[in-house]
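J.: what's the 3D shape of this:
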Amino acid sequence: MDEDLLVPRRVYEEHQVHIGTKVKTKDMLRFVDHVRNDGLYIIDVRKTDERIRVAGKFLARFPPDKILVVSQRIYGHRPIEMFAKVVGAKAIPGRMIPGTLTNPSLPHFIEPEVIILTDPAVDQQALREAARMRIPIVAIVDVNNRLSFVDLAIPANNKGRKSLALIYWLLAREILKNRGDIKDYSEFTYKPEDFETVL
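T.: Next comes the predicted model:
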């Protein structure tokens with residue numbers, strides 16, 4: 001079964017991509033594999049893998065500088081900065097200033113064609129503004145997230161340092177492959193650790 005995945009299942013598990021929360025929304029039920037005895041919901045990594053592939057193909061169609069990636073979560077800062085560097089996107093680590101996507105008179109106003117959110121519950125300012133401007137929204141979603149305004153959901157642990165590093169590493173690799181910037185994965189010289197926030 002592992003040979004069908006972008007990385008072996010154990011790599012997803014070592015990076016805790018599959019670890020959800022004890023609270024789940026109805027929206028996320030289809031991405032749950034099972035519930036542990038302690039009540040923790042476990043995400044189906046096959047669905048994570050499938051969605052990363054879909055997102056990679058989708059995002060590869062946009063001009064790199066028209067992709068915006070956002071993370072208010074501290075553990076998401078390094079992953080999105082590396083992702084932006086590798087694919088040529090724009091990144092907003094930390095708080096997004098209100099009006100960034102909606103107010104052309106602001107000096108920091110930008111007009112992305114697509115946005116990636118690390119956690120729609122935390123990146124609410126970006127979610128609201130992107131929805132208002134009808135910008136397609138790709139989001140990494142944990143089992144406690146709602147999918148309102150999210151056009152493409154990537155189910156994964158969006159709180160973990162290692163998980164976010166692996167997700168953004170895989171997403172960057174898929175985009176480059178789909179754009180034709182690399183012919184095969186061996187040409188992608190970065191490692192997941194390069195995307196990881198250092199403690």
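J.: all contacts plus neighbour counts: C-alpha atoms, from now on.
T.: Noted.
J.: the bottom helix or strand of this protein by mean pLDDT?
T.: Using mean pLDDT, DSSP states H and E, the weakest-scoring helix or strand in the chain turns out to be strand 32-35, at a mean of 90.
J.: alpha carbons of it, in PDB - could you do that?
T.: Output in PDB follows, covering the C-alpha atoms of strand 32-35 (Å, rounded to 0.1, in the frame of the first residue of the first chain):
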ATOM      1  CA  VAL A  32     -11.100  10.400   9.900                       C
ATOM      2  CA  ASP A  33      -9.500   6.900   9.800                       C
ATOM      3  CA  HIS A  34     -10.400   5.900  13.400                       C
ATOM      4  CA  VAL A  35     -10.700   7.000  17.000                       C
END
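J.: name the helices or strands packed onto it?
T.: Helices and strands touching strand 32-35, by 3 or more CA pairs under 8 Å, 6 or more residues apart in numbering; DSSP states H and E, are strand 41-43.
J.: list of residues touching the longest helix along the chain?
T.: Longest helix in the chain, counting residues (DSSP state H): helix 161-179. Contacts with helix 161-179, where a contact means CA atoms under 8 Å, 6 or more residues apart in numbering, come from 6, 12, 15-17, 52-53, 55-57, 59-61, 75-76, 78-80, 83, 86-87, 156-158, 182-185, 188, 190-197.
J.: among those residues, which lie within helices?
T.: Among the contacts of helix 161-179, the residues falling in helices (DSSP H) are 12, 52-53, 55-57, 59, 75-76, 78-80, 83, 86-87.
J.: now for these: which two are most distant?
T.: Among those, the pair separated by the greatest distance (CA to CA) is K57 and Y75, at 25.3 Å.
J.: the more surrounded of these two?
T.: Y75 (23 against 18; other CA atoms under 10 Å).
J.: enumerate every residue touching the more buried one.
T.: Counting by CA under 8 Å, 6+ apart, Y75 touches 159-161, 164, 196-197.
J.: go with 7 Å
T.: With contact set as CA atoms under 7 Å, 6 or more residues apart in numbering, Y75 has these partners: 160-161, 197.
J.: just the buried ones from these, in PyMOL syntax?
T.: Buried residues among those (16 or more other CA atoms under 10 Å), as a PyMOL selection:
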select buried, resi 160+161+197
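J.: TSV please, covering the contacts of Y75 and showing pLDDT.
T.: TSV is the format used below for the contacts of Y75 (pLDDT from 0 to 100):
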residue	pLDDT
G160	96
R161	96
T197	93
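J.: where does the protein have low pLDDT?
T.: 1-3 (pLDDT under 70).
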